[in-house]
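J.: Have a look at this prediction, sequence included:
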Amino acid sequence: MELSKKRKTEENGGGVLYTTVGTNDTVVPQPSLSSITLSPQDARRILEPFTKDQLLDVLQTVVVRDVAVLDAVRSIADSDPTQRKLFIRGIGWETATEKLRSIFSGYGELDEAIVITDKNTGKSKGYGFVTFKHIDGAVLALKEPSKKIDGRITVAQLAAAREAGNVDVSTRKIYVGNVPFEISSDRLLSHFSSYGEIEEGPLGFDKQSGKTKGFAFFVYKTEEGARNSLVDPMKNIDGHQVMCKMATDGKKGKAGGPTGMVGDAVPPPMPGSMNTGYGALPSYGGFSGGRPLPHQNPPMNSSVPVDGGGGGQGYVLDSAVAHIMEVVGLALGIILG
């Protein structure tokens, strides 16, 4: 008997698909499309021929649209704390842990926020650490790494960044001399930010008193900003004459002068520590040199690669395509399930 290939769909409860066969139009119910779902394994089979870039194209779209997919991504990405932990430099002497927490909690839930203080004075040493609960909090915070906190422009970067010394600030850093002791960091910042966007500064204020030591440093975001500030090297601020020049001038000056230090933004150099252009950093979550601090977590081995820069580009799920496929597979399973 020759079978008919005619198919028809009838309204019957859940919209079941029926197929007619034979010359008498015998009706045989078939499963509807709505009752068929892909499993994560099915999704993985579909995704196997995709390139890494194609997988990322799919994943980045669904991550921002579906909270459940974002949670699936977090379950993998958050396993490496080095991708969630930030180092904050350029913190003012008066800034406390509570202020640091209030600033960075706006980007996401925090596991930890701490300003490192001097054990004798209780004042900030000029740096601190922030660890987010989820990797996306760190990503959002690093989109604008420079933040104004208590009259100082601070800089945030991944704490695990080991090659920050490759960033050359010599053409963007200026030295300001003859700074009056009564001037505030806010007033100094207000004046010099008129020449261009400040990346960090003012550095050079005493950690205990909060007063200037008679000089300060600024790092501009661009060379143009630094050049603009030096068009007139002698400036009048509230009736006081200050002198400006590139911080690299006179490299053989004595320690504590314009080239012997960069203010109180970083701890003193330690043997084996890296050269960042701002000073040496203690061992913390990937830093080299120095003795571990009591509050820090032990380093964790991870296959997740870490970007060497400090501009927020360390956000990677994993270099292995298999892990990306796992996440996309979970995402499709959530969406289609």
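T.: Received the coordinates, thanks.
J.: Quick check: Phe104 is in a helix.
T.: Yes - assessed with DSSP: H, G, I helix; E, B strand; the rest coil, Phe104 lies in a helix.
J.: What strand or helix carries the closest residue to it other than its chain neighbours?
T.: Beyond its immediate neighbours in the sequence, the residue positioned closest to Phe104 (Cβ to Cβ, 6 or more residues apart in numbering) is Val130, lying 4.7 Å away. All C-beta spots, glycine's among them, are computed from the backbone N, C-alpha and C. Element membership of Val130, judged by DSSP states H and E, is strand 124-132.
J.: Strands along the stretch 101-250 of the chain, start to end?
T.: 110-117, 124-132, 146-149, 152-158, 173-177, 198-205, 212-220, 234-237, 240-246 (DSSP state E, counting those that start in this stretch).
J.: out of these, nearest to Leu38?
T.: strand 124-132 (32.7 Å; Cβ to Cβ).
J.: Can you spell out which helices and strands pack onto the closest one?
T.: Using 3 or more Cβ pairs under 8 Å, 6 or more residues apart in numbering; DSSP states H and E as the contact test, the elements touching strand 124-132 are strand 85-89, helix 97-104, strand 110-117, helix 135-142.
J.: Out of these, indicate the one that is most buried.
T.: Ranked by mean neighbour count under mean count of other Cβ atoms under 10 Å, the helices and strands packed on strand 124-132 are led by strand 85-89, which reaches a mean of 25.
J.: returning to that earlier point: out of the helices and strands packed on strand 124-132, nearest to Lys52?
T.: Comparing those under Cβ to Cβ, the one sitting nearest is helix 135-142, at 18.7 Å.
J.: Reformat the strands of the stretch 101-250 of the chain as CSV; add mean pLDDT.
T.: Conversion of these to CSV gives the following (pLDDT from 0 to 100):
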stretch, mean pLDDT
strand 110-117, 95
strand 124-132, 92
strand 146-149, 93
strand 152-158, 92
strand 173-177, 95
strand 198-205, 87
strand 212-220, 90
strand 234-237, 94
strand 240-246, 94
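J.: so after the strand or helix carrying Asp57, what's the next helix or strand?
T.: According to DSSP H and E, Asp57 maps onto helix 52-63. Using DSSP H and E, the helix or strand that directly follows helix 52-63 along the chain is helix 67-77.
J.: And that next one, what's buried?
T.: 69-70, 72-74, 76-77 (16 or more other Cβ atoms under 10 Å).
J.: Below-threshold pLDDT in the protein: ranges please.
T.: Residue ranges of the chain with pLDDT under 70: 1-35, 162-167, 207-208, 249-337.
J.: domain parsing for it?
T.: Structurally, the chain divides into domains by automatic domain parsing as follows: 1-36, 40-78+316-336, 81-166, 173-246.
J.: Tell me what angle the helix holding Asp57 forms with helix 67-77.
T.: 130 degrees (axes from the mean of the first three to the mean of the last three Cα atoms, to 10 degrees).
J.: Return the set of buried residues in helix 52-63.
T.: 55-56, 58-59, 62-63.
J.: Looking at those, spot the one nearest Ile174.
T.: Closest to Ile174, out of all of the buried residues of helix 52-63 and judged by Cβ to Cβ, is Leu56, at 40.5 Å.
J.: now the helices and strands packed on strand 124-132 as TSV including distance to Ser209?
T.: Shown next, in TSV, are the helices and strands packed on strand 124-132 (distance: least, Cβ to Cβ, whole Å):
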stretch	distance to Ser209
strand 85-89	21
helix 97-104	19
strand 110-117	15
helix 135-142	30
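J.: among those, which is nearest Gly196?
T.: strand 85-89 (19.9 Å).
J.: in its sheet, what does the closest one sit against?
T.: strand 124-132 (antiparallel), strand 152-158 (antiparallel) (DSSP bridges).
J.: Out of those strands, flag the one nearest Asp232.
T.: Using Cβ to Cβ, the nearest of the strands paired with strand 85-89 to Asp232 is strand 152-158, at 21.9 Å.
J.: Pull the contacting residues for the nearest residue to Glu112 once chain neighbours are set aside.
T.: Using Cβ to Cβ, 6+ apart and skipping the chain neighbours, the partner closest in space to Glu112 is Thr131 (4.3 Å). The neighbours of Thr131, taking Cβ atoms under 8 Å, 6 or more residues apart in numbering as the test, are 81, 84-86, 110-113.
J.: still on that earlier bit, between the buried residues of helix 67-77, which is nearest Gly196?
T.: Ala77 (35.3 Å).
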